[in-house]
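Asker: Below are the sequence and a predicted model; questions follow.
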Amino acid sequence: MNFSAVGIEGIWVWVANILFGLALLLAFIYARWRELMQETSFQHVYLGATVFVLLLWQMKADITTLVSIHFLMSTTLTVMFRWPLAIIASCCALVGLCWTGKAPWYLFGVNGLTTAVVPVFVSHYLFKLADEKLPDNFFALFFVGGFFTSAAAALSSGLSLMIGLWLGSSSWDFERISSEYFLFLPMILPPEAVVNGMLLSSMMIYKPQWVKNFDYHRYFDNK
């Protein structure tokens with residue numbers, strides 16, 4: 001979910017640019033570059049996932065003149081690669097949207113916050129909470145940490161997008177677009193949850209080495 005046309009103007013664009021720049025800087029600082037550089041297979045998986053998300057984001061639907069929707073895949077990226085590399089991968093996908101003219105460069109920071117930073121952080125904290133607080137049961141983890149967390153991440157992205165529109169556009173634009181957008185929002189959450197949940201559960205079982213935030217032995221050994 002992102003702005004496909006210029007819908008926010010003024011100081012809030014620069015505020016978003018600064019916040020997104022800080023989040024991206026933190027992502028580069030905390031990313032585990034040594035692990036990425038030393039493991040060739042990890043590099044291939046990360047590059048493949050980034051390209052997959054980049055292409056997936058190209059298949060978007062414009063629901064209003066300003067707002068479009070697409071799969072985020074934030075939870076999958078976060079659980080697979082941890083939050084710093086997930087933000088960087090989402091940023092690369094956003095560059096692809098802007099490069100193909102499907103999102104304005106002017107709103108790169110705003111879209112970066114709403115489609116990368118916010119859903120990735122929501123995914124990170126909710127999956128971490130599920131992993132720490134739930135019993136060591138795989139089905140509980142992938143249902144709460146996969147399906148529910150993916151839906152919550154998509155919801156947070158949509159709400160943050162509407163907050164940005166409320167802050168940076170006229171009241172008439174906000175009322176008109178939000179009334180249309182909130183009709184679609186409940187229909188966006190189930191597909192996002194299903195796609196992310198199915199991908200994560202499959203990789204956790206068949207390719208657990210690809211999922212850096214998942215301890216296979218904790219959930220499957222001695223069961």
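Answerer: Nice, thanks for sending it over.

Asker: which regions of this structure lie under the pLDDT threshold?
Answerer: Scanning the chain for pLDDT under 70 picks out 1-9, 64-66, 169-174, 222-223.

Asker: Would it be right to say that residue 135 lies in a helix?
Answerer: No: read with DSSP: H, G, I helix; E, B strand; the rest coil, residue 135 is coil and lies in no helix.

Asker: separation between it and residue 179?
Answerer: Separation of residue 135 from residue 179 (C-beta to C-beta, to the nearest Å) stands at 42 Å. Glycine gets a C-beta too; all of them are placed from N, C-alpha and C.

Asker: Which one's more surrounded, these two?
Answerer: A side-by-side neighbour count of residue 135 and residue 179, using other C-beta atoms under 10 Å, places residue 179 first with 10 against 6.

Asker: tell me the contacts of the more buried one?
Answerer: Residue 179 sits next to no residue when contact means C-beta atoms under 8 Å, 6 or more residues apart in numbering.

Asker: May I ask which helix or strand encompasses it?
Answerer: If you go by DSSP states H and E, residue 179 is part of helix 171-206.

Asker: For the following helix or strand past that helix, name the packing helices and strands.
Answerer: Heading C-terminal from helix 171-206, the first helix or strand you meet, by DSSP H and E, is helix 216-220. The contact analysis (3 or more C-beta pairs under 8 Å, 6 or more residues apart in numbering; DSSP states H and E) places helix 216-220 against helix 138-141.

Asker: how about the helix it packs on: buried residues?
Answerer: 138, 141 (16 or more other C-beta atoms under 10 Å).

Asker: what's the next secondary structure element after it?
Answerer: Once helix 138-141 ends, the next helix or strand along the chain (criterion: DSSP H and E) is helix 149-168.

Asker: Buried ones in that next one, by neighbour count?
Answerer: In terms of neighbour count (16+ other C-beta under 10 Å), helix 149-168 has its buried residues at 149-158, 160-162, 164-166, 168.

Asker: angle of it against helix 171-206?
Answerer: Interaxial angle of helix 149-168 relative to helix 171-206 (axes from the mean of the first three to the mean of the last three C-alpha atoms, to 10 degrees): 160 degrees.

Asker: which SS class is the closest residue to residue 191 other than its chain neighbours?
Answerer: Nearest non-adjacent residue to residue 191, counting by C-beta to C-beta, 6 or more residues apart in numbering: residue 71, 7.3 Å away. Three-state call for residue 71 (three-state DSSP): coil.
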